[in-house]
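Asker: my questions are about this predicted structure, shown below with the sequence.
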Amino acid sequence: VSDAERPGGLPFPFPTVAWRDEAVVLLDQTRLPGALVWRTCGDVAQLCGAIRELAVRGAPAIGIAAAYGLALAWRRAAASGDGPAAALASLGAARAALAGTRPTAVNLFWALGRQARLAERAVAAGADAATVGAALLAQADAILADDLARGRALGEAGAALLPERCAVLTHCNAGGLATGGYGTALGVVYAAQASGREVRVFADETRPLLQGARLTAWELAARGIPVTLLCDGAAGGLLRAGRVDAVIVGADRIAANGDLANKVGTYPLALLAREHGVPFYVAAPASTFDPATPDGAAIVVEERNPDEVLCLGGTRLAPAGVTAWNPAFDVTPARLVTAFITEKGVLRPPYAASLAVLGPDAGA
Ligand code: MRU
């Protein structure tokens, strides 16, 4: 099957974030799988709202959207007549606003840092506002293109770990939707399919926001990959029955010692995989590794509105007066990770040494 067109008529890779007519355009993931709706963010406040609501989500996709967001902030300032100094102040305010949307995915801070450094250096070198605006847009385009290339490379590295016929269990959505269009955990699945392997996927539904049921199942089915949904709590029985060859998940932030944050429910999956002797792989580009965070205890885990747990589809399920704890992520210790699958190859323990290969590409 060529990369240009996959079964289901969905172009592959398909765009999740784009720049059109001086605005950031997002495939609105809150509407999937029911509707393919593009959401236009004409200013940074709208983009911040879209990130908070998970209209764009997944660590690499949030980073790409934020990179375009800073290009947007600068170009709007320049279009209203601001010179480099005033535009730099607008960029600083936009960076702070975007950084305040979601705390856990390091790709957000990585992309914001790259864009801010570019603008600061260009202004210090005497560039005019229009030149800086063009450079910021070009760097956002490059971050997007680079993410696609990283997804392909890590996909191929991961596919080589899988048997010719295999069943993969995944959690949340670490696919094209969560990235520039290729994917990390699902990038491995796509590369395995392209290499001729017979691969099928078990997808946790992923409470409370159902990224597995709504998004992972949608993009796999669109590409003709057999996918079976299960409730998050059913994973233990599936693993004990020997029906899974590998667990593959993405990550939102990987600390220097290999501890990682990913969608809540990942940690119990890693424990279950260890108990049942199934490899537990984490697929992530270098931009998700954060050498500045020493270990999992230092990772900030986003807590979201309890209503996401108390309600389903806008209908309250829990009795009145009951509250809920709603962490968006959990932290899995490095000792439970069989290997990290990256664009620079498969990295195995001890991670303090093996993660060093990521070099200056890693981190914010
Ligand atoms: O809250 P979300 O949907 O943004 O959480 C996404 C995840 O946990 C993904 O697994 C992670 O960002 C990796 S995406 C390649």
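Answerer: Received the coordinates, thanks.
Asker: what about the stretch 1-150 of the chain, any weak spots by pLDDT?
Answerer: For the stretch 1-150 of the chain, applying pLDDT under 70 flags the ranges 1-10.
Asker: same thing but at 80, please
Answerer: Applying pLDDT under 80 to the stretch 1-150 of the chain flags residues 1-11.
Asker: up against the ligand, what does it have?
Answerer: 54, 57, 58, 59, 60, 105 (CB under 6 Å from any ligand atom). C-beta here means a position set from N, CA and C on the backbone, and glycine is covered the same way.
Asker: tell me the two of these that are most distant?
Answerer: Largest separation among these by CB to CB: 54 and 60, giving 14.5 Å.
Asker: more neighbours, those two?
Answerer: residue 60 (35 against 19; other CB atoms under 10 Å).
Asker: I'd say the more buried one and residue 146 touch.
Answerer: No. If you go by CB atoms under 8 Å, residue 60 and residue 146 don't touch, sitting 9.8 Å apart.
Asker: which residue does the stretch 151-300 of the chain have closest to the ligand?
Answerer: residue 250 (2.8 Å; CB to the nearest ligand atom).
Asker: and the helix ranked longest in the chain, how far from the chain's centre?
Answerer: Assignment by DSSP state H gives helix 129-159 as the longest helix of the chain. With CA atoms, centre = their mean, to the nearest Å as the basis, helix 129-159 stands 14 Å off its chain's centre.
Asker: if I pick the closest residue to the residue of the stretch 151-300 of the chain closest to the ligand other than its chain neighbours, what's in contact with it?
Answerer: Distances taken as CB to CB, 6 or more residues apart in numbering place residue 174 nearest to residue 250, at 2.8 Å, with adjacent residues excluded. Residue 174 makes contact with 58, 183, 184, 185, 186, 187, 249, 250, 283, according to CB atoms under 8 Å, 6 or more residues apart in numbering.
Asker: what's the burial count for the first one?
Answerer: The one in question is residue 58. Count around residue 58 with other CB under 10 Å applied: 30.
Asker: does it really touch residue 181, like I thought?
Answerer: No. Here residue 58 lies out of contact with residue 181, judged by CB under 8 Å, at a distance of 11.0 Å.
Asker: quick one: residue 233 and residue 38, what's the gap?
Answerer: Residue 233 sits 35 Å away from residue 38, going by CB to CB, to the nearest Å.
Asker: ok, residue 46 next?
Answerer: Distance from residue 46 to residue 38, by CB to CB: 13 Å.
Asker: over to the residue nearest to residue 250: give its phi and psi.
Answerer: phi -120, psi 50 (degrees, to the nearest 10).
Asker: next: residue 287.
Answerer: phi -70, psi -10.
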